[in-house]
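1. Okay, structure incoming, though there's no sequence with it:
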């Protein structure tokens, strides 16, 4: 194999298999000499790949963990598996990974061949179970919007308002923000000459226009801060929630779609959820039951009503 770049890619692909490779076996696989293998290993090290060598009759080369994440090579099957996993993670309730999943998925789908994108779409539809954790968001819509944000490219889309009326929007997008089981797009509305926040589950058929965005000053530190400061009820009534939970705060925090500060410790064995929320009361009731701890609802009355409704359904199911 005389093509050095192609040979290095092939060598890297072999080394990414979790095993130790004798130099002679690598030379045989690549059709080169042991000396060429040693030179190629040095080239990979110069590029930032941490290749470790061991001496002796049983020694060889293997790729180890380094201080930074180097580029990886994946085959078609691995690329499809990663993309399907990222699609699932993009809608995950695990705080902190949704946005990173969408960014990674946008990068991956940008380079996937059309046939692999179709496989990802089919597998994603078949394998990702439905969830009641929030409004369903099409991963393709998310990745299209994420690419537009990254590329600083204007985008057009249909938007379904709270009343159900549809409008066409022309937006300069600046960020996608996951917040309490929903996704929001922050952007400058070209037709209204003002900043807007859009619920992504209400966005349809986004189309990048190819036109670059004009640099503008967002009236907040970043898109997440803008969403936090401009939240409205988005069609779901807000209500004050106060619930005492008989469990340590460490056992509860993060399980109710809460943000830092929403839950405070009362003592070592109990805590208080005290916040204004726009969640569906049935969702919150189910999440409280799922904690597996005793709790007392102080307000709102609608949450207590939903718990009574669930209790009645469970009683009827057992009789």
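-> Arrived safely, thanks for sending. Keep in mind that this is a model prediction, so the values were computed, not measured. Numbers count the residues shown, from 1 in each chain.
2. mind pulling up the phi and psi values for residue 262?
-> Backbone torsions of residue 262, given as degrees, to the nearest 10, read phi -70, psi -30.
3. need the strands for the chain, in chain order.
-> 51-54, 60-63, 153-160, 166-179, 182-189, 194-199, 203-212, 239-245, 263-267, 270-277, 295-299 (DSSP state E).
4. Give me whichever of the ones you listed is most buried.
-> The highest mean neighbour count among those, using mean count of other C-beta atoms under 10 Å, belongs to strand 182-189: a mean of 22. In short, each C-beta sits where N, CA and C put it, glycine included.
5. Distance-wise, check residue 52 relative to residue 60.
-> Counting by C-beta to C-beta, to the nearest Å, the separation of residue 52 from residue 60 is 9 Å.
6. same check, this time on residue 245
-> Taken as C-beta to C-beta, the span from residue 245 to residue 60 is 55 Å.
7. Next, count neighbours for residue 221.
-> 10 (other C-beta atoms under 10 Å).
8. tell me which residues of stretch 247-266 are tucked away?
-> 247, 248, 249, 252, 253, 254, 256, 257, 258, 262, 263 (16 or more other C-beta atoms under 10 Å).
9. Now, the residues you listed that are in helices?
-> 249, 252 (DSSP state H).
10. and the buried residues of stretch 247-266, which two are the farthest apart?
-> 248 and 257 (18.7 Å; C-beta to C-beta).
11. Tell me the bridge partners for the closest residue to residue 204 other than its chain neighbours.
-> Nearest residue to residue 204 in three dimensions, chain neighbours excluded: residue 158, at 4.1 Å (C-beta to C-beta, 6 or more residues apart in numbering). Applying DSSP bridges to residue 158 gives these bridge partners: residue 168, residue 204.
12. contacting residues for residue 158?
-> By C-beta atoms under 8 Å, 6 or more residues apart in numbering, the contact set of residue 158 is 166, 167, 168, 169, 203, 204, 205.
13. Give me the distance between residue 161 and residue 140.
-> Residue 161 is 22 Å from residue 140, by C-beta to C-beta.
14. the more surrounded of these two?
-> Counted by other C-beta under 10 Å, residue 161 and residue 140 do not tie: residue 140 has more neighbours, with 16 against 12.
15. Before we move on, what's the pLDDT of that one?
-> pLDDT recorded at residue 140 is 78.
16. swap in the one 10 residues further on?
-> With respect to pLDDT, residue 150 scores 82.
17. What is the least confident helix or strand in this protein?
-> Of all helical and strand segments in the chain, the minimum by mean pLDDT, DSSP states H and E falls on helix 114-127, at a mean of 62.
18. before we move on, the earlier item: turn the strands of the chain into JSON lines, including distance to residue 29 and mean pLDDT.
-> Shown next, in JSON lines, are those (distance: least, C-beta to C-beta, whole Å; pLDDT from 0 to 100):
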{"stretch": "strand 51-54", "distance to residue 29": "15", "mean pLDDT": "86"}
{"stretch": "strand 60-63", "distance to residue 29": "12", "mean pLDDT": "86"}
{"stretch": "strand 153-160", "distance to residue 29": "43", "mean pLDDT": "93"}
{"stretch": "strand 166-179", "distance to residue 29": "43", "mean pLDDT": "89"}
{"stretch": "strand 182-189", "distance to residue 29": "45", "mean pLDDT": "89"}
{"stretch": "strand 194-199", "distance to residue 29": "52", "mean pLDDT": "90"}
{"stretch": "strand 203-212", "distance to residue 29": "42", "mean pLDDT": "91"}
{"stretch": "strand 239-245", "distance to residue 29": "59", "mean pLDDT": "90"}
{"stretch": "strand 263-267", "distance to residue 29": "56", "mean pLDDT": "91"}
{"stretch": "strand 270-277", "distance to residue 29": "58", "mean pLDDT": "87"}
{"stretch": "strand 295-299", "distance to residue 29": "61", "mean pLDDT": "94"}
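19. okay if I get those as JSON lines plus distance to residue 145?
-> Supplementary listing: these in JSON lines, determined by distance: least, C-beta to C-beta, whole Å:
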{"stretch": "strand 51-54", "distance to residue 145": "39"}
{"stretch": "strand 60-63", "distance to residue 145": "35"}
{"stretch": "strand 153-160", "distance to residue 145": "7"}
{"stretch": "strand 166-179", "distance to residue 145": "6"}
{"stretch": "strand 182-189", "distance to residue 145": "6"}
{"stretch": "strand 194-199", "distance to residue 145": "9"}
{"stretch": "strand 203-212", "distance to residue 145": "6"}
{"stretch": "strand 239-245", "distance to residue 145": "30"}
{"stretch": "strand 263-267", "distance to residue 145": "31"}
{"stretch": "strand 270-277", "distance to residue 145": "26"}
{"stretch": "strand 295-299", "distance to residue 145": "37"}
